[in-house]
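*Asks:* fold the following and give me the result.
(one chain, ligands or ions: 1)
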Amino acid sequence: MAAELEQETTDLLQRLVRFDTVNPPGNERDAQEHLAALLRDAGFEIELVGRTEPRPNLVARLRGKADGPVLCLLSHVDTVLADPSEWQRDPWSGDVADGELWGRGAQDMKSQTAAEVAAAIDLARSGWRPAAGDLLVVVVADEETGGEEGAIWLCENHPDLVRCDYLLNEGAGTVFPFGDERLYGVCLAEKGVFRFTITTDGVAGHASMPKIGENALLKLLPLVERLGAGQPAYDITEPPRRLFEALGVPLDGDPAAALDALRERDPILGVLAEPMLGVTFAPTQISASQKINVIPSRAQLRVDCRTPPGMQEEQVRRRIGEVLGGEGYALDFFEKVVGNGSAADTPLFAAIEGWVAQEDPGARVVPTMLPAFTDSRTFRDAFSDCVAYGFFPQREMTLYETSPLIHSKDERIRVGDLGFAARCYRHVCKEILGV
Ligand SMILES: [Zn+2]
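*Replies:* Below you'll find the predicted structure:
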């Protein structure tokens, strides 16, 4: 039975990879119709709804025998682009070689779509129905460019179709080593994005006489340095508190010391975990004079700033001020998304822990936080009680092997991990919805 589920998941992923759903333009319809037919045959009620005809979102519902919680298995079926000349194999081949399935979307995230759909179909075909509650399988379009036609559109226009109490999506789950331990992350929260511009003003003049003007770029450079070197106060939230505790380097009292201790034990994990502890600044773009021979009267720096879940603008301004000081520049935000998250003590977390204990005895499940955001944010915003986690388990490749493949060349996945993930979703459905 396990072998069959793995084979079904593999066949389905192969099929999904062969639909070119590079976004833009996405063109997800053919892939969605394929999934819809499979789910309909297995007994799901199907809705295909979208803002535009070529880009429907798929909502499949398996009704339970009584009222209860709604569990949603979420994924997106669009991908980023791929340049075939960089790849060792055609990015839309779906080739299986040496136990690996190749293609754009093999990690992000047609693999999870395949595992979620295969698990749902397997359950439904076996005659299983939720004892209490509904199982939803939701496959959205348009995640890679922001979700305006996907999750955002769906939650705004059809909230009753996709309202849910528990949600599983992308964001974590690939095993990572820590000492001689094996850890699986469950993504509980996602950082916010507060991108801003720093502007300095001066006085223009001819560059042949540098002292004649007041060079705005020279005023800006110390600020760039401060953003690189400065450390705003930490803002510790629940996921890193629990993660650092689980890693044996509790944050209580002195986050800097805990971080140092972690770095000593595992330098890579130190780099990955540090952004969870507070606001981060990455200056990425700078501009000044348009002309080589004119002293700039204005210089601008754009900064990609990421913030802990829940943090509002006023607090972000305070943290920026701690690093830059309060004067000599103007600050403007041009993109603001407040970070979001879900609680850790839930039946969904317990269901995942139970499954890991069964499939990979001795391994541990730890909470993590993503420094970026996914469609989970949209569902948490739309349904305030929704517990949304990122979890797609893989164990044959570690996080350090899979991460570089995402949005990159030679994206691929171990076939054994497709079965592994599908078994996880099947288990979680039964735990949350009953048998
Ligand atoms: Zn994705």
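
*Asks:* use CA for all of it now, contacts and neighbours both
*Replies:* Fine.

*Asks:* the longest helix in the chain is where?
*Replies:* helix 415-433 (DSSP state H).

*Asks:* other residues contacting it?
*Replies:* With C-alpha atoms under 8 Å, 6 or more residues apart in numbering as the test, helix 415-433 has contacts from 2-3, 5-7, 9-10, 68-71, 99-101, 111-112, 115-116, 118-120, 123, 130-135, 347-348, 351-352, 355, 392-396.

*Asks:* just the buried ones from the residues you listed?
*Replies:* Among these, those classed as buried by 16 or more other C-alpha atoms under 10 Å are 5-7, 9-10, 68-71, 100-101, 111-112, 115-116, 118-120, 123, 130-135, 348, 351-352, 355, 392-396.

*Asks:* which residues in the stretch 51-200 of the chain form strands?
*Replies:* Taking DSSP state E, counting those that start in this stretch to define them, one finds strands in the stretch 51-200 of the chain at 57-62, 70-76, 96-97, 100-102, 134-140, 166-169, 176-178, 181-190, 192-201.

*Asks:* give me the sheet partners of the third one and which way each runs.
*Replies:* For strand 96-97, the paired strands and their directions (DSSP bridges) read strand 100-102 (antiparallel).

*Asks:* ok, the second one next?
*Replies:* Strand 70-76 sits in its sheet next to strand 134-140 (parallel), strand 166-169 (parallel), going by DSSP bridges.

*Asks:* what comes up buried for stretch 318-327?
*Replies:* In stretch 318-327, the ones that count as buried by 16+ other C-alpha under 10 Å are Arg319, Ile320, Val323, Leu324.

*Asks:* could you do stretch 227-243 as well?
*Replies:* 227, 230-232, 234, 236-243.

*Asks:* okay, how far is it across it, tip to tip?
*Replies:* 27 Å (C-alpha to C-alpha, to the nearest Å).

*Asks:* let's see which of the contacts of helix 415-433 end up in helices.
*Replies:* Among the contacts of helix 415-433, the ones falling in helices (DSSP H) are 2-3, 5-7, 9-10, 111-112, 115-116, 118-120, 123, 347-348, 351-352, 355.

*Asks:* what sits up against stretch 407-414?
*Replies:* 80-83, 86-89, 91, 99-108, 111, 396-397, 402, 405.

*Asks:* one more time with 10 Å
*Replies:* Contacts with stretch 407-414, where a contact means C-alpha atoms under 10 Å, 6 or more residues apart in numbering, come from 10, 79-91, 94-108, 111, 394-397, 402-406, 420.

*Asks:* hang on, the earlier thing: which of the buried residues of stretch 318-327 fall within helices?
*Replies:* Arg319, Ile320, Val323, Leu324.

*Asks:* quick one, strands of the stretch 301-435 of the chain?
*Replies:* 330-337, 340-341, 364-370, 387-390, 412-414.

*Asks:* how many neighbouring residues does Gly328 have?
*Replies:* 13 (other C-alpha atoms under 10 Å).

*Asks:* list the contacts for the closest residue to it other than its chain neighbours?
*Replies:* Excluding the flanking residues, the one nearest Gly328 by C-alpha to C-alpha, 6 or more residues apart in numbering is Thr200, at 6.8 Å. Listed by C-alpha under 10 Å, 6+ apart, the contact set of Thr200 reads 215-221, 223, 288, 296-301, 328-331.

*Asks:* residues touching the residue lying farthest from the centre of the chain, list them.
*Replies:* Centroid-distance maximum for the chain: Met209 at 51.0 Å, with C-alpha atoms, centre = their mean. By C-alpha under 10 Å, 6+ apart, the contact set of Met209 is Asn293, Val294, Ile295.

*Asks:* any idea of the pLDDT on the first one?
*Replies:* Yep, that's Asn293 we're talking about. On pLDDT, Asn293 comes in at 97.

*Asks:* got phi/psi on it?
*Replies:* Backbone torsions of Asn293, given as degrees, to the nearest 10, read phi -100, psi 20.
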